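Participant: Need coordinates for the below:
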Amino acid sequence: MTTVVRAVRPEDADTMYALGCEAAGVRLDRQVFDVMFKSCLSSSQHRAVLVMMDELPAGWGELEISYSMMSPGLTATLAELYIRPAYRSRGAGRAALIHLAETARRMGCRQMLATCSRVNLRSRDFLEQNGFCMGRVQFEHPLSAPDRSE
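Facilitator: Numbering: from 1, shown residues only. The predicted model follows:
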């Protein structure tokens, strides 16, 4: 099985949309997706890769690059890593993670962070098997969208 990890390109929009819908388990708003997709591709703060296995889309990964006043240098955050179920445990996720980590190193990042649901033991095991260790606990506070009728 041949695995290729490459940068996402504008012509990958339909493939990325299909993968995003699959990962979310819902049909995403295509107009919103297209805006976010173009923004991600044009941003110097994002890097997205498409994982192909035997020339078929197996998944994708995305990094967000940022500075922190408390950390020396740039930090890469693994914003997304989705591998289709049929390709899991076949090296696709590891290939994406290695590619993204090398990308972060080349950009000068000093560390790479990742989060996953505390109940997603498979993802936690995957991250630990690939060199991540449990660090800070992350809390979430949902924000409602601003009321645009005013």
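Participant: ok, and what's touching the helix of greatest length in the chain?
Facilitator: Determined from DSSP state H, the single longest helix within the chain is helix 92-106. Applying Cβ atoms under 8 Å, 6 or more residues apart in numbering, the external contacts of helix 92-106 come out as 3, 5, 47, 49, 51, 53, 58-61, 63, 65, 74, 76, 78, 81, 83, 112, 126, 130. For the C-beta atoms, the positions are set from N, CA and C on the backbone; glycine is no exception.
Participant: please redo it, this time with the cut-off set to 6 Å
Facilitator: By Cβ atoms under 6 Å, 6 or more residues apart in numbering, the list of residues contacting helix 92-106 from outside reads 3, 5, 47, 49, 51, 53, 58-59, 61, 63, 76, 83, 112, 130.
Participant: mind checking which helix or strand the most centrally placed residue in the chain is in?
Facilitator: Geometric centre of the chain, nearest residue: residue 80, 2.2 Å, by Cα atoms, centre = their mean. Per DSSP states H and E, residue 80 falls inside strand 71-83.
Participant: What helices and strands are in contact with that strand?
Facilitator: strand 56-68, helix 92-106, strand 109-114 (3 or more Cβ pairs under 6 Å, 6 or more residues apart in numbering; DSSP states H and E).
Participant: mind putting these in CSV, distance to residue 23 and mean neighbour count included?
Facilitator: What follows is the helices and strands packed on strand 71-83, written out as CSV (distance: least, Cβ to Cβ, whole Å; neighbours: other Cβ atoms under 10 Å):
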stretch, distance to residue 23, mean neighbour count
strand 56-68, 8, 19
helix 92-106, 13, 18
strand 109-114, 16, 17
